[in-house]
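coords below, sequence missing:
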């Protein structure tokens, strides 16, 4: 029987090849950036084929309306790609909410002292 650390399911848990997970650390900035670039390139990779498809549709059907429709659908793709790529990873359940409604009253209390000008 193989000796295990008691935390993992396999006998290889805790070895250099399969290190034991001991933290709930977030994904590194480089990994997040790589994932965002991949999303951006995936969405933008539909733009050039859409323009080629518009040209082929014009040649096949002879109608400019079909081509204009395909081009019109490809116009917002850069904007959508940037919005999706710049989005942060979703919050975990354990991440605290930053909004605190306890101080919803007035920020500056009214002054009760009387000033004497002279």
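That came through, no problem. This one's a predicted model, so the numbers in the text were calculated from it and none came from an experiment. Numbering: from 1, shown residues only.

what about residue 54, how many residues nearby?
20 (other CB atoms under 10 Å). (Glycine included, C-beta is placed from N, CA and C.)

ok, now residue 82?
With other CB under 10 Å as criterion, residue 82 counts 13.

any idea how far residue 47 is from it?
Look at residue 82 and residue 47: by CB to CB, to the nearest Å, they are 13 Å apart.

now do residue 57
16 Å.

compare neighbour counts for the two and give me the winner.
Using other CB under 10 Å, the more surrounded residue of residue 57 and residue 47 is residue 57, with 19 against 14.

for that one, give me its contacts.
For residue 57, the contact set (CB atoms under 8 Å, 6 or more residues apart in numbering) comprises 63, 66-67, 70.

swap the cut-off to 10 Å and go again
63-71 (CB atoms under 10 Å, 6 or more residues apart in numbering).

and what of residue 86?
36, 39-40.

report the buried members of the residues you listed.
For the contacts of residue 86, a burial check counting by 16 or more other CB atoms under 10 Å picks out 36, 40.

filter the contacts of residue 86 down to the ones in helices?
Secondary structure from DSSP state H places 36, 39-40 of these in helices.

returning to what we had before: between the contacts of residue 86, which is closest to residue 93?
Taking CB to CB as the measure, residue 93 lies nearest residue 36 of the contacts of residue 86, at 22.6 Å.

and that closest one, what pLDDT?
pLDDT for residue 36: 90.

again with the one 3 residues further on
The score at residue 39 is 91. That number is its pLDDT.

how about CSV for the ones in helices among the contacts of residue 86, with distance to residue 16 added?
As requested, those are exported to CSV (distance: CB to CB, whole Å):
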residue, distance to residue 16
36, 30
39, 32
40, 35
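
and residue 91, what element?
Following DSSP states H and E, there is no helix or strand that holds residue 91.

got it, and residue 117?
Counting by DSSP H and E, residue 117 is part of no helix or strand.

by pLDDT, rank the contacts of residue 57 and give me the bottom one.
residue 63 (87).

what residues does the host helix or strand of residue 33 touch?
Using DSSP H and E, residue 33 maps to helix 29-44. For helix 29-44, contacts defined as CB under 10 Å, 6+ apart pick out 26-28, 77-78, 80-89.
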